[in-house]
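Q: any chance you could fold what I've pasted below:
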Amino acid sequence: MSNLITWILDVDFPEKLLQLRTDKGITQQQLAELVGVRVLQIRRYETNQSQPTLGVIKKLAVALSVTADELIFDSNEREPSDDLKLQFEALKNFTDDEKHTAREVLESLILKHNARRAFEERASG
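A: Model (predicted):
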């Protein structure tokens, strides 16, 4: 799991944390108190010397009044690709039943994709 956190937080996290903290007018000491960690730990996060746990990410997001996604992902990173945006926008006009059906179809496609990738990884590894 820690490799996943390191991959997710990679380079942008320290800059985002610093920017969000300074935009809110919060000192490192104040943020440390809000999150329940030592100020040295906040400094380590902001200089990319340490990576927070998922629990700390949650506390940081609450303290900074942002979502965890805003804290760790780029602004467009979680959006659908350009070639699918129009289709997803069209879903807004669907009835609840149609949305349910669309969700089930998407979930089955995602499961199929993930199963295929896992099989390919096992076959190659």
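Q: any idea which helix is longest in the chain?
A: Taking DSSP state H as the criterion, the chain has its longest helix at helix 96-124.
Q: spatially nearest residue to the residue nearest the centre of the chain (excluding sequence neighbours)?
A: Geometric centre of the chain, nearest residue: residue 69, 3.6 Å, by C-alpha atoms, centre = their mean. Counting by C-beta to C-beta, 6 or more residues apart in numbering, residue 69 lies nearest to residue 78, which is 6.0 Å off, once chain neighbours are set aside. C-beta coordinates here come from the backbone N, C-alpha and C atoms, glycine included.
Q: also residue 50?
A: Nearest residue to residue 50, sequence neighbours excluded (C-beta to C-beta, 6+ apart): residue 44, at 3.7 Å.
Q: my read: that neighbour touches residue 56, true?
A: No - under the criterion of C-beta atoms under 8 Å, residue 44 is not in contact with residue 56, lying 11.2 Å apart.
Q: related to what we said a few turns ago, so for the longest helix of the chain, mean pLDDT?
A: Across helix 96-124, pLDDT averages out at 90.
Q: over to stretch 58-77?
A: The average pLDDT within stretch 58-77 is 87.
Q: CA-only coordinates of that stretch in PDB, if you can.
A: C-alpha atoms of stretch 58-77 as PDB (Å, rounded to 0.1, in the frame of the first residue of the first chain):
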ATOM      1  CA  LYS A  58      -7.900  12.700   5.300                       C
ATOM      2  CA  LYS A  59      -7.100  15.000   8.200                       C
ATOM      3  CA  LEU A  60      -5.100  17.300   6.000                       C
ATOM      4  CA  ALA A  61      -8.000  17.600   3.600                       C
ATOM      5  CA  VAL A  62     -10.500  18.300   6.400                       C
ATOM      6  CA  ALA A  63      -8.100  20.900   8.000                       C
ATOM      7  CA  LEU A  64      -7.600  22.600   4.600                       C
ATOM      8  CA  SER A  65     -11.300  22.400   3.700                       C
ATOM      9  CA  VAL A  66     -10.700  20.500   0.500                       C
ATOM     10  CA  THR A  67     -11.400  17.000  -0.800                       C
ATOM     11  CA  ALA A  68      -8.600  14.400  -0.600                       C
ATOM     12  CA  ASP A  69      -8.800  14.300  -4.400                       C
ATOM     13  CA  GLU A  70      -8.000  18.100  -4.600                       C
ATOM     14  CA  LEU A  71      -5.100  17.500  -2.300                       C
ATOM     15  CA  ILE A  72      -3.500  14.600  -4.300                       C
ATOM     16  CA  PHE A  73      -4.700  14.700  -7.900                       C
ATOM     17  CA  ASP A  74      -4.200  17.300 -10.600                       C
ATOM     18  CA  SER A  75      -7.300  19.200 -11.500                       C
ATOM     19  CA  ASN A  76      -8.000  17.300 -14.700                       C
ATOM     20  CA  GLU A  77      -6.600  13.900 -13.600                       C
END
